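[1] The following comprises the amino acid sequence and a computationally predicted model.
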Amino acid sequence: VQLQASGGGSVQAGGSLRLSCAASGSTVSFSNMRWYRQTPEKERELVAEITSGGLTNYADSVKGRFTISRDNAKNMVFLQMNILKPEDTAVYYCNADHIYYARTYWGQGTQVTVSS
């Protein structure tokens, strides 16, 4: 199973981006799915999480600006990012837990750059 993240890019502060993450390689279902981000100066941090039932959790720094969603039929997770700030600049990674086995999958990362 591979996770492929896409949708990153460069935007000005106040702009929006939508990240997508799709699974491929095998038929699999996921329980929790997440987006993380990382910069050279910081450790990887959890940005948002969504359960298979649609319950969500967000980092305080993105609450009210980011929205995580998923399409279970397509095994995809999304991150709608609005009112972007320069401090949102990072490589964003998607992450998903196998629904039955204790295994977590990571995507390859997509760069988001927000200029002031």
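    Yep, that arrived.
[2] Tell me which other helices or strands the host helix or strand of Val112 touches.
    According to DSSP states H and E, Val112 maps onto strand 110-115. For strand 110-115, the elements it packs on are strand 9-12, strand 17-24, strand 90-98, judged by 3 or more CB pairs under 8 Å, 6 or more residues apart in numbering; DSSP states H and E. Every C-beta, even on glycine, is put in place using the N, C-alpha and C of the backbone.
[3] so which of the ones you listed is the most packed in?
    Highest mean neighbour count of the helices and strands packed on strand 110-115: strand 90-98, a mean of 21 (counted as mean count of other CB atoms under 10 Å).
[4] So what does Ala13 have for phi and psi?
    phi -50, psi 140 (degrees, to the nearest 10).
[5] repeat for Ala102
    Taking degrees, to the nearest 10 as the convention, Ala102 sits at phi -80, psi 70.
[6] and it, how many neighbours does it have?
    Ala102 has 6 neighbouring residues, counting by other CB atoms under 10 Å.
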